[in-house]
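Participant: From the sequence below, what's the structure:
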Amino acid sequence: MPSRKLFDITVEFLHSTEKAVKYTDGTTEFWVPKSALAGDGYIQVEDNEDGTFTLTAPTNWLREKGLI
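Facilitator: Residues are numbered from 1 along each chain as shown. Sure, this is the predicted structure:
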């Protein structure tokens with residue numbers, strides 16, 4: 001079974017549609033499916049109250065997006 005190691009990155013919100021949310025890490029823009037953000041989804045986002053968010057996701061997903 002593959003490892004489910006998690007990693008945190010700081011992101012900024014860009015746009016939202018019915019099915020996905022677009023974020024940027026300052027270099028790369030990427031979409032996160034809203035289904036992945038659901039209550040028990042594999043990606044979590046926390047508001048940092050400074051205009052940024054902490055996105056916590058599996059390292060393999062972040063690598064696929066070119067974020068780590």
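
Participant: So in this structure, which strand runs the longest?
Facilitator: In the chain, with assignment by DSSP state E, the single longest strand is strand 6-16.

Participant: Enumerate the positions of it that are buried.
Facilitator: Ile9, Val11 (16 or more other C-beta atoms under 10 Å). The C-beta positions use only the backbone N, C-alpha and C, and glycine is treated the same way.

Participant: Repeat that for stretch 25-36.
Facilitator: Applying 16+ other C-beta under 10 Å to stretch 25-36 flags Asp25, Phe30, Trp31, Val32, Ala36 as buried.

Participant: For Lys65, state which of these is nearest.
Facilitator: Nearest to Lys65 among the buried residues of stretch 25-36 is Phe30, at 4.8 Å by C-beta to C-beta.

Participant: Listing request: residues of this protein with sub-threshold pLDDT.
Facilitator: 1-3 (pLDDT under 70).

Participant: could you pull out the strands for it?
Facilitator: 6-16, 20-24, 29-33, 44-47, 53-58.

Participant: which secondary structure elements does the shortest one contact?
Facilitator: Okay, so that is strand 44-47. With contacts taken as 3 or more C-beta pairs under 8 Å, 6 or more residues apart in numbering; DSSP states H and E, strand 44-47 sits against strand 53-58.

Participant: Report the beta-bridge partners for the residue most central in space within the chain.
Facilitator: Nearest to the mean C-alpha position of the chain, counting by C-alpha atoms, centre = their mean, stands Leu55 at 4.5 Å. Residues in a beta bridge with Leu55, per DSSP bridges, are Ile9, Val45.

Participant: what sits against it?
Facilitator: Asp8, Ile9, Thr10, Val11, Tyr23, Val32, Ile43, Gln44, Val45 (C-beta atoms under 8 Å, 6 or more residues apart in numbering).

Participant: got those as CSV, with distance to Lys65 columns?
Facilitator: Below are those laid out as CSV (distance: C-beta to C-beta, whole Å):
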residue, distance to Lys65
Asp8, 14
Ile9, 10
Thr10, 15
Val11, 11
Tyr23, 10
Val32, 9
Ile43, 11
Gln44, 16
Val45, 14
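
Participant: closest to Leu67 among the residues you listed?
Facilitator: Ile9 (5.9 Å).
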